[in-house]
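Peer 1: Quick one, fold the following:
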Amino acid sequence: MSTEIKVPVLPESVSDATIATWHKKAGDAVSRDENLVDLETDKVVLEVPSPVDGVLKEIKFQSGDTVTSDQVLAIVEAGATASDKGGNDAGKKADKKNDEAATAEAKPVQPKKEEAPKPASKSSSGDRSSKGDELPPGARFTANKEGIDPSNVEGTGRRGAVTKEDLLNYAKNAGAGKAGGARPEERVPMTRMRARIAERLMESKNSTAMLTSSNEVNMKAVMDMRKAQGEAFQKAYGIKLGFMSFFVKAAANALQRYPLVNASVDGKDIIYHGYADISIAVSTDKGLVTPVLRNAESMSFAEVEQAIDGYARAAREGGLKLEDLQGGTFTITNGGTFGSLFSTPIINPPQSAILGMHAIKERAIVENGQVVAAPMMYIALSYDHRIIDGKDAVLFLVDIKNQLENPHRMLLGM
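Peer 2: Down below sits the predicted model:
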């Protein structure tokens, strides 16, 4: 029995999807719930599994094609096996090969002259060529530029795929040299997600009156608390106590005190949100995504850390859902993870503000008339000046600073 594999029903905010990768080809055996194809939308990658065991009989669309909800992607012949599918090219080729083999057996075998074995060429390595072919364009460019054989690199991407970061780390740690004198170039189209990110960044730049204010935070109290309570916290909740939970809770508290920073603009109206749905910027191979911690003001430190860890794993494995990314009243991004000392983050529309965290560096500060070294972090708030005045932005940042430098006040809800 033939079963149609259709495009899942897409949310209202997503009109269509692009076929990113087929994991099976026509004639392959498939198992129930096995992923057949990845569909890339503006926000996430959707997996389309097979509902039955059988054989992939026909593929209707190829990689790069655009599809919409309920369109038929492929036909699976339920209950069939890869060897008994009828009428397909693979079966015909197999029959032809068998006929040729039978004819060859009927003919006398002529002795062949011995030939010296040919040395295996670089392109004859099946693992190498197949792994190289599966590389995304950016990673393939890096592999060529650095002179790296992808088959020697352990992938950390989705389903073990080798990413650009994997190749760069390999070049740095394994000492792979650049290809001598090579000047490779490669022109590739943007992925849908990258194109959408670019579109939203330009939308933010052109539709908001963006301004950035900054401050600095002495992180010693937070670091001392993490050192003193980190082991007990991990034993109790099964997750490490990170810096992000402190910032999420501090931001959620400050947003309640400065509701304009948590508001959004709709035409000539200001929408005030009585809850803190905080978007957390997470970097993936395909670009930046911002899953949402809903009602962060009522979450515990452990719930924040567990939710962030779950989103990070889902982002790496391509398991984020569209509903995970929708909404959000405020965003926090941590450029310090990559070593950024300072930045001016861009607002995530229709939100009105975004908080940027940065690297912690020991700097000389004055305490009680004495110059001492302290672990300092610059923080930056980019905001829509149409509704948020400089005073509100600065007071919001000072509120964040005071909470982080006195984390016991945060725990007491002060």
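Peer 1: make it CA atoms for all contacts and neighbour counts henceforth
Peer 2: Fine.
Peer 1: Any buried residues in stretch 300-309, and which?
Peer 2: Across stretch 300-309, burial judged by 16 or more other CA atoms under 10 Å covers Phe301, Ala302, Glu303, Val304, Glu305, Gln306, Ile308.
Peer 1: Kindly report the same for stretch 389-402.
Peer 2: Ala393, Val394, Phe396, Leu397, Val398, Asp399, Ile400, Lys401, Asn402.
Peer 1: among those residues, which are in helices?
Peer 2: Of the positions in these, Ala393, Val394, Phe396, Leu397, Val398, Asp399, Ile400, Lys401, Asn402 sit in helices, assigned by DSSP state H.
Peer 1: Put together TSV for those residues, with pLDDT and distance to Met225 on each row.
Peer 2: Formatted as TSV, these follow (pLDDT from 0 to 100; distance: CA to CA, whole Å):
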residue	pLDDT	distance to Met225
Ala393	97	28
Val394	97	26
Phe396	98	23
Leu397	98	21
Val398	97	21
Asp399	97	19
Ile400	97	17
Lys401	97	16
Asn402	96	15
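Peer 1: and which of those residues is nearest to Arg409?
Peer 2: Asn402 (8.8 Å; CA to CA).
Peer 1: contacting residues for the closest one?
Peer 2: By CA atoms under 8 Å, 6 or more residues apart in numbering, the contact set of Asn402 is empty.
Peer 1: Then Ala380?
Peer 2: Thr212, Ser213, Ser214, Asn215, Phe342, Ser343, Thr344, Pro345, Leu355, Gly356, Met357, Leu397.
Peer 1: redo that, cut-off 7 Å
Peer 2: Ala380 makes contact with Thr212, Ser213, Ser214, Asn215, Thr344, Leu355, Gly356, Met357, according to CA atoms under 7 Å, 6 or more residues apart in numbering.
Peer 1: Can I get the buried residues of stretch 389-402 in JSON lines including distance to Leu411?
Peer 2: Converted to JSON lines, those look like this (distance: CA to CA, whole Å):
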{"residue": "Ala393", "distance to Leu411": "23"}
{"residue": "Val394", "distance to Leu411": "23"}
{"residue": "Phe396", "distance to Leu411": "18"}
{"residue": "Leu397", "distance to Leu411": "18"}
{"residue": "Val398", "distance to Leu411": "18"}
{"residue": "Asp399", "distance to Leu411": "14"}
{"residue": "Ile400", "distance to Leu411": "14"}
{"residue": "Lys401", "distance to Leu411": "15"}
{"residue": "Asn402", "distance to Leu411": "13"}
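Peer 1: Point to the helix or strand of this structure where mean pLDDT is at its lowest.
Peer 2: helix 89-106 (a mean of 45; mean pLDDT, DSSP states H and E).
Peer 1: on that earlier part again, from the buried residues of stretch 300-309, pick the one nearest Ile270.
Peer 2: Val304 (28.3 Å).
Peer 1: Following element in sequence after the helix or strand the closest one falls within, please.
Peer 2: For Val304, the element it lies in under DSSP states H and E is helix 301-317. Sequence-wise, the next helix or strand downstream of helix 301-317 (DSSP H and E) is helix 322-325.
Peer 1: part of a helix, is Lys361?
Peer 2: No - with DSSP: H, G, I helix; E, B strand; the rest coil as the criterion, Lys361 is located in strand rather than a helix.
Peer 1: Dig out what it forms beta bridges with.
Peer 2: Per DSSP bridges, the residues bridged to Lys361 are Met376.
Peer 1: remind me which residues of the stretch 251-400 of the chain are low pLDDT?
Peer 2: Along the stretch 251-400 of the chain, segments meeting pLDDT under 70 are nowhere present.
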